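Asker: Next comes the sequence, and after it the predicted model I'd like to discuss.
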Amino acid sequence: MKNKTIIFEKRPEGKPEQECFRIEENLVPEIQNGEVLLKTKYVSVDPYLRGRMSDRKSYTSGFNLGEPMQSGIIAEVIESKNPDFRKGDFVSGLLNWAEHQVSNGEGLTKVDADAAPLSAYLGLLGMPGLTAYLGLMEIGQPKKGETLVVSGAAGAVGSVVGQIGKIVGCRVVGIAGSDEKTELLKTEFGFDEAVNYKTTPNMRKAIAKACPDGVDVYFDNVGGEISDGVMLNINKFARTTICGAISQYNETRMTTGPRLQSVLLVNSALMKGFIVHDYAEKFPEAIKQLSQWYGEGKLKLKETVVEGFENIPEAFIGLFEGENIGKMIVKI
């Protein structure tokens with residue numbers, strides 16, 4: 001059988017483009033003892049992959065030119081010579097952007113197609129859900145009655161952060177990039193208020209209006225001028241989780257904004273960078289809680305699904321245009 005793989009062809013300057021990728025066609029590999037043959041079912045595209053396309057230092061290793069792109073993938077075992085896996089099992093793991101691939105089983109986790117939709121294990125019950133739960137609960141430490149602000153609130157992580165905030169009793173304000181998204185935050189995800197940053201000339205004033213009691217917890221997925229406006233509204237002992245900075249990922253030079261040290265100082269406030277793998281020992285308890293809330297109907301699953309293997313790069317690029325609501329998934 002023919003097999004397609006998406007290769008990292010060119011490092012982007014600014015926003016990634018289609019020419020950064022090429023599709024390579026070869027034969028489906030044969031498996032040896034101890035291996036499984038996987039067929040890709042769902043592919044996760046995530047903003048952090050942009051950092052791996054650069055050759056500068058980051059918190060994770062970069063992609064090498066000429067090698068396959070990788071991300072979180074749900075795959076089906078279609079042939080097995082590994083005693084830990086059977087034909088028909090579904091697994092998740094960090095895998096190549098390929099229609100078929102061979103694995104020795106390391107890094108693969110079986111997932112239950114009966115407990116939740118398979119794609120949920122790339123979103124709500126996968127790394128984005130873990131990121132939302134652990135970033136909010138470990139650093140943000142939200143308390144009942146406090147005000148939580150979430151940037152990138154309509155995305156895979158932000159939409160879960162806001163829902164968890166409501167579960168624990170916070171007043172939740174989301175920031176997103178369209179009227180459709182801000183309305184969805186309120187009607188679908190239960191946010192108390194939402195701000196469209198694209199139609200807001202002054203973020204500081206907009207946040208002050210949306211948060212009359214100030215900001216106690218800020219979950220930052222965006223950075224840049226949006227976050228400058230939020231930080232100028234924080235309360236005494238506020239906590240900020242720095243989860244992402246998508247507004248700056250495609251910048252070719254260091255940007256300059258307000259110096260926030262004095263704001264943090266006078267408010268005795270905390271701002272902490274967050275990488276989810278730093279909390280790996282807490283993954284089981286986080287997944288258990290997320291699964292419970294999902295089963296109880298307290299957490300809603302929202303996805304933007306693009307179909308077709310060849311459209312993986314297009315879906316990835318679309319993240320930087322704000323084309324997704326919830327988790328961006330490619331269905332193969």
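Answerer: Great, that's in hand.

Asker: Using neighbour counts, pick out the buried residues of the helix or strand of the chain with the lowest mean pLDDT.
Answerer: Between all helices and strands in the chain, the lowest mean by mean pLDDT, DSSP states H and E belongs to helix 49-52, at a mean of 90. By 16 or more other C-beta atoms under 10 Å, the buried positions in helix 49-52 come out as 49-52. (Glycine included, C-beta is placed from N, CA and C.)

Asker: which other helices and strands contact that helix?
Answerer: Packing contacts for helix 49-52, counted by 3 or more C-beta pairs under 8 Å, 6 or more residues apart in numbering; DSSP states H and E, involve no helix or strand.

Asker: Output that helix as PDB, restricted to C-alpha atoms.
Answerer: The C-alpha trace of helix 49-52 is given here as PDB (Å, rounded to 0.1, in the frame of the first residue of the first chain):
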ATOM      1  CA  LEU A  49       4.400  23.400  17.100                       C
ATOM      2  CA  ARG A  50       5.400  26.800  15.700                       C
ATOM      3  CA  GLY A  51       8.200  27.000  18.300                       C
ATOM      4  CA  ARG A  52       9.500  23.600  17.200                       C
END
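
Asker: Just confirm residue 242 contacts residue 271, I think it does.
Answerer: Yes: contact status for residue 242 versus residue 271: in contact at 6.4 Å, counting by C-beta atoms under 8 Å.

Asker: any idea which of the buried residues of helix 49-52 is the one closest to residue 179?
Answerer: Comparing the buried residues of helix 49-52 against residue 179 with C-beta to C-beta places residue 50 closest, at 26.4 Å.

Asker: Pass me the low-pLDDT residue ranges in the stretch 51-200 of the chain, would you?
Answerer: 58-59 (pLDDT under 70).

Asker: residue ranges of the helices in it, please?
Answerer: Along the stretch 51-200 of the chain, counting by DSSP state H, counting those that start in this stretch, helices occupy 127-134, 158-167, 179-187.

Asker: tell me the angle the first one makes with helix 158-167.
Answerer: Read that as helix 127-134. Inter-element angle recorded for helix 127-134 and helix 158-167: 30 degrees (by axes from the mean of the first three to the mean of the last three C-alpha atoms, to 10 degrees).

Asker: Against which helices or strands is helix 127-134 packed?
Answerer: Secondary elements touching helix 127-134 (3+ C-beta pairs under 8 Å, 6+ apart): helix 158-167, helix 283-295.

Asker: Mind giving me the packing neighbours of the last one?
Answerer: Helices and strands in packing contact with helix 283-295 are listed as helix 127-134; criterion 3+ C-beta pairs under 8 Å, 6+ apart.

Asker: can you list the domains in this protein?
Answerer: 2-123+302-331, 127-277 (automatic domain parsing).

Asker: Noted, bye for now.
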